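Asks: Any chance you could fold what I've pasted below:
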Amino acid sequence: MASNVIPTLYRGVLHRSRLEARWSVFFEHLGVKAEYETEGFNTDGERYLPDFYVFAALGTIWVEIKPGWKSDPGGVAKFRRFAVQRPQPTRAALIAGLPAIGNKILVIGGDIDAADPLKGPWEDDGQEWRPCTSGQHFDLCFPGQFRAKFVQDGCPDSFGGNGEDKLLAAITAACSGRFGKDTAGPQVPDPGTGSVA
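Replies: Numbers count the residues shown, from 1 in each chain. Below is the predicted model:
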C-alpha cells in the first residue's frame, strides 16, 4: 500500500484511505447499502479483509478498491485467492480508481448460463455500475444491460427512470467531496436532504 494513504472518517466510520471513503460516498448516494470492512476471512492461511460488502440489486458483492491495477500486486493476488474461495452465492469485484462512468472493474462470479449465475469461476472486466430500467436499483452489469427487476422484486413498474442522472450525481459527490485535514469527513451534499455532511 502506498505511503501517502490518508485514513478518512466518513459517517462515523474510519476508512483506511480517502479513496475507500469516496466509494462509501458513491454507494450512499446511489442508495446501495454497503458495509465497510464488515467481515474478515482466512484465505489459504492468510488473513484477508475485503473493503466492502455491497448489497447490490442482483445479489451481494465483495468489493476490493485499489488506486490502480499495478499499485498493489500482492493485494490483487490476495483478492484473487479470496474470490475463488468467497462465500456462495456472491460475486467479488476489484475496482481500480475513483468512481467513474466506465470504470475498469474486474468481476468474478459464476456461470452466466447456469441456474445460479452467482456461483462458479467466471470473470470479466466489461461490467460497470448500471441502473435498472426504472432507475431505482443499481448493480454491476454489462453496459446497456440489466436483468429486469419487476414490481414483485420491489422495482416500480416504469421505464425511463433517472438512473443515469443518479449515477452521475453519485460520481460527482464522491469525487468532488472535500475532506478535512483532521479526517472529519467530506463536505458533500447529503443524498436525502441536500445539506452538506
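Asks: you'd agree L106 is up against K66?
Replies: No: the pair L106 / K66 is not scored as a contact, 10.0 Å apart, by CB atoms under 8 Å. For glycine as for every other residue, the C-beta is placed from the backbone atoms N, C-alpha and C.
Asks: what sits in contact with each of those two?
Replies: L94, I95 (CB atoms under 8 Å, 6 or more residues apart in numbering).
Asks: what residues are up against F26?
Replies: Listed by CB under 8 Å, 6+ apart, the contact partners of F26 are P99, A170, I171, A173, A174.
Asks: go on, A34?
Replies: Shown in contact with A34 (CB under 8 Å, 6+ apart): W23, S24, F27, E28, F52, Y53, V54, F55, V63.
Asks: hang on, the earlier thing: ok, of the contacts of F26, which one's closest to V84?
Replies: The nearest member of the contacts of F26 to V84, counting by CB to CB, is P99 at 26.4 Å.
Asks: residues in contact with that closest one?
Replies: Listed by CB under 8 Å, 6+ apart, the contact partners of P99 are R22, W23, F26, W129, A170, I171, A174, C175.
Asks: Not counting sequence-adjacent ones, nearest residue to the first one?
Replies: Think R22. In this structure, R22 finds its nearest non-sequential neighbour in A174, 4.5 Å apart by CB to CB, 6 or more residues apart in numbering.
Asks: follow-up on the earlier one: narrow the contacts of A34 to those in helices?
Replies: Here DSSP state H is the test, and the contacts of A34 give W23, S24, F27, E28 as lying in helices.
Asks: quick one: the third one from N42, how far?
Replies: With the distance defined as CB to CB, to the nearest Å, F27 ends up 26 Å from N42.
Asks: Then the second one?
Replies: Between S24 and N42 the distance is 26 Å, computed by CB to CB.
Asks: if you count what's nearby, which of those two comes out ahead?
Replies: The neighbour comparison of S24 against N42 (other CB atoms under 10 Å) goes to S24, with 22 against 10.
Asks: What segments of this structure are helices?
Replies: Using DSSP H, helices in the chain cover 18-30, 73-85, 163-176.
Asks: looking at these, which has the lowest confidence?
Replies: Looking at these, the lowest mean pLDDT belongs to helix 73-85 (a mean of 89).
Asks: now for that one, which elements pack on it?
Replies: Judged by 3 or more CB pairs under 8 Å, 6 or more residues apart in numbering; DSSP states H and E, helix 73-85 is in contact with strand 41-43, strand 46-48, strand 59-66, strand 91-96, strand 105-108.
Asks: which residues pair with the residue nearest to W23 when sequence neighbours are not counted across the strands?
Replies: Nearest non-adjacent residue to W23, counting by CB to CB, 6+ apart: I65, 5.5 Å away. Beta bridges link I65 to I95, judged by DSSP bridges.
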